[in-house]
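Engineer: sequence plus the predicted model coming up.
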Amino acid sequence: MLKLPDNFESYAEARKAGFLRMKDWKEKGGNVVGIFCTFVPEEILRAADAVAAPLCATSEEPIPAAETKLPRNLCPLIKASYGFALTDTCPYFYFSDLIVGETTCDGKRKTFELMNEIKETYVMQLPHSRSEAALESWKGEMIRLKEKLEDFYGIEISEERIKKEIQLRNRERKALLGFLELGKLNPAPISGYELGTRLDGLGFNFDIEDRCAVIEARTKEVYEDWKQNFEGKPNKRPRIIITGCPNSGVRDKIIKTVEELGADVVGFDCCNGTREKVEPVDESMPVYDALAKKYLNINCSVMSPNDSRMRYIEEMLEEYQADGVIEIILQACHTYNIESHYVKETVTNKGKAYLMIETDYSQSDKGQIGTRLEAFLETIEK
Ligand code: BJ8
């Protein structure tokens, strides 16, 4: 595994550091909206002077509590997130004034009903296709979210303000993409473990300008190091792309293990990767049309059909010079699980190796996953 820098901040450390920033923000009277998904347009939340608190949980700790109300055979991300809310043990949930959910998968959609009993949970009605009618309806959802926030906070949100936030978030997307696309360099200049951890950690820094400065500095540092020490050197390590469900809760079990076994994770087709960042919001369009268009194009498997994800994976295989794809499915995530049929087809048609791992947040399958990863990497000849 490529070496981590001395000042590397783990995900847990970044999450903890964010608690203090959020406490400070709340004490100054700041607004906080909790979210679970990249389909929720942060630009509108920010235009309501609210910071978006990421609530997708990555720990198995609150799952037993969640299972007192939710079925056991449910996605661990949903159970863990709900478990934190139920046990009141997540400071980000605690500090949230309002939760904004979305109708992505059935599990989340129904859990939001239960969550609403704990804290007000407003649900955006996401259409599951990209037709003209869906776009129109999703635009209506953008406007309704703005009206909800105006009503909830007793404020007015202008289109000018939303425009400003669109520009700022586009700048952030560019900076984050620049960092993630370091993975296109060959040999790999940075471990995939660091790429993913840093990206998730940034979500707990609520100052977008600062997020950009931090990530641009690290991008520059890594690139310069690569120019000096790696450029032109032969690469014997398999280059792997990760796709599928959000992987923060299984990063140590899968991504770290892949890299310790001698491969490099170079790209991420997932929400804590490039998925939401590849398409900026069109700054020349009226704001609600632009936001609806951008946010309906996110390649999540809840969309049907979702051919654009397959096209993106094909592009990634080329651009990242990948040898194989590992698809991570969180237990009981039916949309990704079913769509994995097409992902496998897309990857193997290009002559690349494919492995699907279905798992949860427990450690019980760690050994078995290690064995499967080892066998998978042996099939890739370099
Ligand atoms: S845009 S990936 S963050 S929905 S919660 S769908 S893993 S069963 S998280 Fe997601 Fe938004 Fe899509 Fe991204 Fe499956 Fe679990 Fe549902 Fe999940």
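Structural biologist: Now that the structure is in, tell me what you want to look at. It should be emphasised that the depicted structure is a prediction, and the values quoted were computed from it without experimental measurement. Residues are numbered from 1 along each chain as shown.

Engineer: only C-alpha atoms for contact and neighbour calcs from this point on.
Structural biologist: Noted.

Engineer: got a list of contacts for the lowest-mean-pLDDT helix or strand in the chain?
Structural biologist: None of the helices or strands of the chain scores lower by mean pLDDT, DSSP states H and E than helix 11-27, at a mean of 87. Around helix 11-27, the neighbours that count as contacts under C-alpha atoms under 8 Å, 6 or more residues apart in numbering are 31-32, 91-92, 95, 197-198, 200-202, 204-206.

Engineer: near the ligand, which residues of the stretch 201-350 of the chain?
Structural biologist: Counting by C-alpha under 6 Å from any ligand atom, the positions of the stretch 201-350 of the chain adjacent to the ligand are 245-246, 271, 300, 330, 333.

Engineer: tell me the buried residues within those.
Structural biologist: Buried subset of those (neighbour count, 16 or more other C-alpha atoms under 10 Å): 245-246, 271, 300, 330, 333.

Engineer: residue 124 against residue 108, yeah?
Structural biologist: No. Residue 124 is beyond contact range of residue 108, at 11.8 Å (criterion: C-alpha atoms under 8 Å).

Engineer: list residues touching both of those two?
Structural biologist: Here residue 124 and residue 108 share the contacting residues residue 102, scored by C-alpha under 8 Å, 6+ apart.

Engineer: related to what we said a few turns ago, let me know the closest of the residues of the stretch 201-350 of the chain next to the ligand to residue 46.
Structural biologist: Distance to residue 46, by C-alpha to C-alpha, is smallest for residue 271 among those, at 19.7 Å.

Engineer: what are the phi and psi values for that closest one?
Structural biologist: Backbone geometry at residue 271, expressed as degrees, to the nearest 10, gives phi -70, psi -30.

Engineer: contacting residues around it?
Structural biologist: By C-alpha under 8 Å, 6+ apart, the residues touching residue 271 are 38, 245-246.

Engineer: now those as TSV including pLDDT and distance to residue 153?
Structural biologist: Converted to TSV, the contacts of residue 271 look like this (pLDDT from 0 to 100; distance: C-alpha to C-alpha, whole Å):
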residue	pLDDT	distance to residue 153
38	97	22
245	97	33
246	97	31
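
Engineer: give me the subset of these lying in helices.
Structural biologist: Among those, DSSP state H puts none in helices.

Engineer: need those residues in a markdown table (columns: distance to residue 115).
Structural biologist: Shown next, in a markdown table, are the contacts of residue 271 (distance: C-alpha to C-alpha, whole Å):
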| residue | distance to residue 115 |
| --- | --- |
| 38 | 19 |
| 245 | 22 |
| 246 | 21 |
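
Engineer: which of these lies closest to residue 351?
Structural biologist: Once C-alpha to C-alpha is applied, the member of these that ends up nearest residue 351 is residue 245, at 23.3 Å.

Engineer: residue contacts, the closest one?
Structural biologist: Contacts of residue 245 by C-alpha under 8 Å, 6+ apart are 270-271, 328-330, 336.

Engineer: hmm, try it at 7 Å
Structural biologist: Neighbour list for residue 245: 270, 328-330, 336 [criterion: C-alpha atoms under 7 Å, 6 or more residues apart in numbering].

Engineer: in JSON lines, list those residues along with pLDDT.
Structural biologist: Listed next are these as JSON lines, based on pLDDT from 0 to 100:
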{"residue": "270", "pLDDT": "96"}
{"residue": "328", "pLDDT": "98"}
{"residue": "329", "pLDDT": "98"}
{"residue": "330", "pLDDT": "98"}
{"residue": "336", "pLDDT": "98"}
